[in-house]
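Enquirer: Pasted the sequence and its predicted model underneath.
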Amino acid sequence: MKSLAIFASGSGTNAENIIRYFSNSEFFKVAIVLSNKQGAGVHERAKKLNVPSISFSKEAFESGEAILDILKTYQIDFIVLAGFMSKIADNLLAAYPHKIINIHPALLPKFGGKGMYGMHVHRAVIASGETKSGISIHYIDEHYDEGPIIFQAECPVFADDTPESLCERIHQLEHKWYPEIIEKVLTD
């Protein structure tokens, strides 16, 4: 059985979806959720699904040492970023090479990089006049949103879209594809 850690900063809908997806798996389990925000909604979602969750300060995530200790304690094999809003420390990247993936709410390499997350991305996509958007699932490296792309899925951008309406379509893609692609990466 491979153990996964989910890193999340927000309400945790993707984290909950992933936990539910793997809840009956014989091969994979979500062992812990880590967050850089004590009041993040992901903690309540994890608690309801009987998955431990821990908050760490921004400084702890930046140094990575305490995070590595927790990952070793829980014998984590793979890390999934699900709405995680901090840069991953170099020592974590070194300890988990090609074993940390992220989902981004746009078709990378467009609309990626520092500060491009959530509604900022959807506003930028609409303002640019793009006719399509989507999701990108990728390995992470030392740069924001530049790691090798594993998978992308598209959706249309309509002329009357708002950032909120585009966000809803993007969330549907995230919930459909992220758990499946995680499983595929883990079994390849």
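Expert: Received it, and whenever you're ready, just let me know what you need.
Enquirer: what's the closest non-adjacent residue to the most centrally placed residue in the chain?
Expert: Residue closest to the average C-alpha location in the chain (Cα atoms, centre = their mean): residue 82, at 2.3 Å. Among residues not flanking residue 82 along the chain, residue 14 sits closest, at 3.9 Å (Cβ to Cβ, 6 or more residues apart in numbering). Quick note: C-beta positions are derived from backbone N, CA and C, even for glycine.
Enquirer: how about the strands in the protein?
Expert: Applying DSSP state E to the chain gives strands spanning 2-8, 28-35, 53-55, 78-81, 100-104, 132-139, 149-156.
Enquirer: Could you list every helix and strand in contact with the fifth one?
Expert: Helices and strands in packing contact with strand 100-104 are listed as strand 78-81, strand 132-139, helix 163-187; criterion 3 or more Cβ pairs under 8 Å, 6 or more residues apart in numbering; DSSP states H and E.
Enquirer: List the neighbouring strands of the shortest one plus their orientation.
Expert: In other words, strand 78-81. Partners of strand 78-81 in the sheet, by DSSP bridges, are strand 2-8 (parallel), strand 100-104 (parallel).
Enquirer: Need the residues that contact that strand.
Expert: Here strand 78-81 makes contact (Cβ atoms under 8 Å, 6 or more residues apart in numbering) with 2-8, 18, 71, 88, 92, 96, 99-103, 140, 182, 185-186.
Enquirer: if we go to 7 Å?
Expert: Strand 78-81 has contacts (Cβ atoms under 7 Å, 6 or more residues apart in numbering) with 2, 4-7, 18, 96, 99-102, 140, 182, 186.
Enquirer: Could you do stretch 139-156 as well?
Expert: 81, 88, 90, 93, 98, 100-102, 104, 107-108, 112-114, 116, 131-138, 169-170, 173, 177, 181, 185.
Enquirer: got a markdown table for the helices and strands packed on strand 100-104, with mean neighbour count, mean pLDDT and distance to residue 126 too?
Expert: Shown next, in a markdown table, are those (neighbours: other Cβ atoms under 10 Å; pLDDT from 0 to 100; distance: least, Cβ to Cβ, whole Å):
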| stretch | mean neighbour count | mean pLDDT | distance to residue 126 |
| --- | --- | --- | --- |
| strand 78-81 | 22 | 98 | 24 |
| strand 132-139 | 21 | 98 | 9 |
| helix 163-187 | 17 | 97 | 6 |
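Enquirer: between these, which gets nearest to residue 122?
Expert: helix 163-187 (3.9 Å; Cβ to Cβ).
Enquirer: Quick check: residue 37 vs residue 27, distance?
Expert: Here residue 37 is placed at a distance of 30 Å from residue 27 (Cβ to Cβ, to the nearest Å).
Enquirer: neighbour-wise, which of the two wins?
Expert: Applying other Cβ atoms under 10 Å to residue 37 and residue 27 shows that residue 37 carries more neighbours, namely 18 against 10.
Enquirer: so who does the residue nearest to that one when sequence neighbours are not counted touch?
Expert: Using Cβ to Cβ, 6+ apart and skipping the chain neighbours, the partner closest in space to residue 37 is residue 9 (5.2 Å). Each residue near residue 9 by Cβ under 7 Å, 6+ apart is listed here: 35-37, 40, 83-85.
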